[in-house]
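Asker: need a structure here:
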Amino acid sequence: MVDVVEIERTDSRSSAPPRKIWERAEAEALYNLPFADLMFQAQGIHRANFNPNHVETASLLSIKTGGCPEDCGYCSQSAHYDTGLKASRLMPRDEVVAVAQRAKDAGASRFCMAAAWRSPKDRDLDQVCDMVSAVKGLGMETCVTLGMLTPKQAERLSDAGLDFYNHNVDTSPEFYDKIITTRTLQDRIDTLAHVRDAGIKVCCGGIIGMGEMVEDRLGMLVLLANLPSPPESVPINLWNEVKGVPVNETAERPDPIALARLVATARILMPNSVVRLSAGRQYMTDELQALCFLAGANSIFIGDVLLTTKNPQRDRDADLLDRLGITSRLA
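Answerer: Next comes the predicted model:
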C-alpha cells in the first residue's frame with residue numbers, strides 16, 4: 001500500500017512566481033538522456049547557481065546512539081535488530097562542543113548532531129537546544145536530526161539558533177513501506193512542514209542501494225523537488241553494509257554511472273539546493289566522486305565516521321579536492 005503524501009503546492013510566504021511541479025516521467029526522461037547531454041545540462045544549471053569549484057564541508061556526530069524504537073530496515077541503531085551496537089545516553093554538552101571545535105579546526109563549516117530517537121522528549125530537547133546554541137557560538141552552522149517534531153519543538157530549536165534540520169524521506173512513496181513500518185511517509189512530511197514553519201532550513205534526502213529500482217530513486221527526487229520549498233540540502237546516501245538488518249537481503253550497490261546520473265538529475269530538479277555526497281563515500285573511487293562533483297554535487301561530510309559507519313579520511317578528501325582544483329575549508 002503506497003502512502004498518499006499530502007503536499008501543499010504553493011508557499012504563501014513567498015512572492016516568487018510559481019515553481020515547476022515535476023512529473024515522474026519528466027525525471028525519467030532527464031535521467032535517460034545520453035550521458036554527455038545529461039551532464040552538460042546539469043553542469044550548466046550548477047554553474048548558474050553555485051561556484052562549480054567549491055564544495056561545502058560538514059561534520060556529523062552521533063550525540064545519542066542506538067536503542068531507536070523505529071524499525072528502519074537499513075539502520076544499525078534500530079532496537080528491532082541485533083546489530084551488535086550498544087545503546088548510549090545523550091552526550092554531555094561540553095563533550096559535544098569539544099568535538100565541534102575539533103571539526104571546525106579540521107575544516108568543517110557545519111556541525112550536525114544526530115540522536116537515535118523516534119521523537120525527542122522535552123527534557124532531552126532542553127539539552128539539545130543548549131548544544132545548538134553553544135556550537136553556534138563557535139561560528140559554525142548547526143544541524144540536528146532528532147526524529148519527528150511537534151510544531152512547538154521546532155520553534156524551540158529555532159529559538160536556540162538552529163540553522164538546519166535533517167529529516168530524510170529515505171526513498172520513494174512506492175518503496176517506503178518495504179523498509180519501515182513504524183512511521184509513515186506522511187509523518188516525515190509533517191515534520192518537514194513544522195520545521196519550515198519555524199523558519200529552519202531543511203536537509204532532506206534519502207538512501208540508494210537498498211534494493212529499490214531506478215524508478216524509486218527518481219520518485220524520491222520528484223517528491224523532494226515538489227515540496228512547497230525544495231530542501232536547501234539534499235543528502236544522497238549509498239547504503240552502508242550493516243550486519244543484522246533486513247536490507248542485507250535486498251541490497252545492491254548502484255552502478256557508478258547510475259549514481260552520477262542520479263546526482264545530475266537531482267541538480268536539474270533542484271537547481272538551488274546543495275547536493276551532498278553523504279554516507280557511502282568509502283565505496284566510491286576518486287574518479288566517481290569527481291564525476292559526481294561535475295554532475296552538481298557540492299557538499300561532503302568529513303571525518304572518519306558518520307554516526308556508526310566509516311567515511312573517507314580527511315587527508316584523502318583534501319588530496320582529491322586539491323587535484324580537482326576544488327576549494328573548501330579543508331585547504
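Asker: CA only for contacts and neighbour counts going forward, please
Answerer: Will do.
Asker: what number of residues lie near residue 316?
Answerer: If you count neighbours by other C-alpha atoms under 10 Å, residue 316 ends up with 11.
Asker: and it, what element?
Answerer: helix 314-324 (DSSP states H and E).
Asker: tell me what that helix is packed against?
Answerer: Counting contacts by 3 or more C-alpha pairs under 8 Å, 6 or more residues apart in numbering; DSSP states H and E, helix 314-324 packs against no other helix or strand.
Asker: redo that, cut-off 10 Å
Answerer: helix 286-295, strand 299-301 (3 or more C-alpha pairs under 10 Å, 6 or more residues apart in numbering; DSSP states H and E).
Asker: Go ahead and measure how far that helix is from the middle of the chain.
Answerer: 22 Å (C-alpha atoms, centre = their mean, to the nearest Å).
Asker: Flag every buried residue along that helix.
Answerer: Of the residues in helix 314-324, 314, 317, 318, 320, 321 count as buried by neighbour count, 16 or more other C-alpha atoms under 10 Å.
Asker: just curious, which of those residues is nearest to residue 103?
Answerer: Lowest distance from residue 103 to the buried residues of helix 314-324 (C-alpha to C-alpha) belongs to residue 314, with 10.6 Å.
Asker: now residue 55, nearest residue through space, not along the chain?
Answerer: Closest residue to residue 55 apart from its sequence neighbours, by C-alpha to C-alpha, 6 or more residues apart in numbering: residue 298 at 4.5 Å.
Asker: got the contact list for that neighbour?
Answerer: Taking C-alpha atoms under 10 Å, 6 or more residues apart in numbering, we find residue 298 in contact with 46, 50-57, 233, 267, 273-277, 292, 326, 328.
Asker: Filter those residues down to the buried ones and hand me the PyMOL line.
Answerer: To isolate the buried ones among those in PyMOL, judged by 16+ other C-alpha under 10 Å, type:
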select buried, resi 46+50+52+54+55+56+57+233+267+273+274+275+276+277+292+326+328
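Asker: re the thing from before, how about the buried residues of helix 314-324 in a markdown table, adding pLDDT and distance to residue 74?
Answerer: Output for the buried residues of helix 314-324, formatted as a markdown table (pLDDT from 0 to 100; distance: C-alpha to C-alpha, whole Å):
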| residue | pLDDT | distance to residue 74 |
| --- | --- | --- |
| 314 | 72 | 26 |
| 317 | 88 | 26 |
| 318 | 87 | 30 |
| 320 | 93 | 29 |
| 321 | 92 | 30 |
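Asker: still on that earlier bit, identify, out of the helices and strands packed on helix 314-324, the most deeply packed stretch.
Answerer: strand 299-301 (a mean of 22; mean count of other C-alpha atoms under 10 Å).
Asker: distance between that one and the chain's centre?
Answerer: Relative to its parent chain, strand 299-301 has a centroid offset of 10 Å by C-alpha atoms, centre = their mean.
Asker: partners of that strand, with directions?
Answerer: Here strand 299-301 has these sheet partners by DSSP bridges: strand 56-64 (parallel), strand 274-277 (parallel).
Asker: how about the next helix or strand after the first one: buried residues?
Answerer: Past strand 56-64, heading to the C-terminal end, the next element that is a helix or strand (DSSP H and E) is helix 93-105. Within helix 93-105, the residues scored as buried using 16+ other C-alpha under 10 Å are 93, 96, 97, 99, 100, 101, 103, 104.
Asker: any idea how far residue 258 is from residue 31?
Answerer: 9 Å (C-alpha to C-alpha, to the nearest Å).
Asker: Between these two, which is the more surrounded one?
Answerer: residue 31 (23 against 14).
Asker: Please tell me how far that one sits from residue 24.
Answerer: For residue 31 relative to residue 24 (C-alpha to C-alpha), the value is 11 Å.
Asker: Please enumerate the shared neighbours of those two.
Answerer: Counting by C-alpha under 10 Å, 6+ apart, the residues touching both residue 31 and residue 24 are residue 218.
Asker: quick one: low-confidence ranges for the stretch 201-331 of the chain?
Answerer: Confidence mapping of the stretch 201-331 of the chain against pLDDT under 70 gives the ranges 304-312, 329-331.
Asker: Please enumerate the strands of it.
Answerer: Assigned by DSSP state E, counting those that start in this stretch, the strands in the stretch 201-331 of the chain fall at 201-203, 206-208, 233-238, 274-277, 299-301, 305-306, 309-310.
Asker: among those, which is nearest residue 89?
Answerer: Between the strands of the stretch 201-331 of the chain, strand 305-306 lies closest to residue 89; by C-alpha to C-alpha that is 17.8 Å.
Asker: Now do the same contact list for the residue nearest the centre of the chain.
Answerer: A centroid search over the chain (C-alpha atoms, centre = their mean) returns residue 235, at 3.0 Å, as the residue closest to the centre. Neighbouring residues of residue 235 by C-alpha under 10 Å, 6+ apart: 166, 168, 170, 203-207, 274-279, 297, 299-301.
Asker: these two touch, right, residue 267 and residue 42?
Answerer: Yes - using C-alpha atoms under 10 Å, residue 267 is in contact with residue 42, at 6.0 Å.
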